[in-house]
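Novice: sequence first, then the predicted structure:
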Amino acid sequence: MLSKLVSRSKVVIFEVPARKVRYGEYASSVDFLDNDEESVVAYYDSWLNETCGEIASRIELLGKSRVVGEREPFRWLYAI
């Protein structure tokens, strides 16, 4: 679905979770350490390049946004 949105848009802002539990039954297929900035960013950099790299002119990590009241202190934002 993300690749379709990217192919039809000029820019997509994509917020990604830092905890595997957000993926529900698919959590075991996600390869990063919960709330570990280095592994989370490395995972999404790789995944986004595989998913959208051929159709996006640029994939850029914008930074992180604070999550209030969650066990996830930050979520990372990408511009695609």
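Specialist: Cool, the structure landed. Remember, predicted model here, so these are calculated numbers, not experimental data.
Novice: now name the helix or strand holding residue 64.
Specialist: In this assignment (DSSP states H and E), residue 64 forms part of strand 60-66.
Novice: ok, residue 42 next?
Specialist: helix 37-52.
Novice: ok, back up a step: list the neighbours of the next helix or strand after the strand holding residue 64 that are in contact with it.
Specialist: Using DSSP H and E, the helix or strand that follows strand 60-66 towards the C-terminus is strand 74-79. The contact list for strand 74-79 (CB atoms under 8 Å, 6 or more residues apart in numbering) reads 11-18, 35, 37, 40-41, 44, 48, 58-67. Bear in mind the C-beta positions are built from the backbone N, C-alpha and C, glycine included.
Novice: go with 6 Å
Specialist: Residues from elsewhere that reach strand 74-79, judged by CB atoms under 6 Å, 6 or more residues apart in numbering: 11, 13, 14, 15, 16, 17, 60, 61, 62, 64, 65, 67.
Novice: in ChimeraX, select just the buried ones from those.
Specialist: To isolate the buried members of those in ChimeraX, using 16 or more other CB atoms under 10 Å:
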select :14,16,17,64
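Novice: need the max-distance pair from the contacts of strand 74-79.
Specialist: Distances among the contacts of strand 74-79 were taken as CB to CB; the most separated pair is 11 and 67, at 22.6 Å.
Novice: contacts only, for the nearest residue to residue 56 once chain neighbours are set aside.
Specialist: Sequence neighbours aside, residue 80 is the residue nearest to residue 56 in space, at 4.9 Å (criterion: CB to CB, 6 or more residues apart in numbering). Residues near residue 80 by CB under 6 Å, 6+ apart: 6, 12, 14, 52, 56, 59.
Novice: export the residues you listed to a markdown table and tack on distance to residue 31 and pLDDT?
Specialist: Shown next, in a markdown table, are these (distance: CB to CB, whole Å; pLDDT from 0 to 100):
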| residue | distance to residue 31 | pLDDT |
| --- | --- | --- |
| 6 | 22 | 95 |
| 12 | 23 | 96 |
| 14 | 18 | 95 |
| 52 | 18 | 95 |
| 56 | 22 | 94 |
| 59 | 18 | 97 |
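Novice: now list the buried members of the residues you listed.
Specialist: In the contacts of residue 80, burial by neighbour count holds for 6, 12, 14, 52, 56, 59, counting by 16+ other CB under 10 Å.
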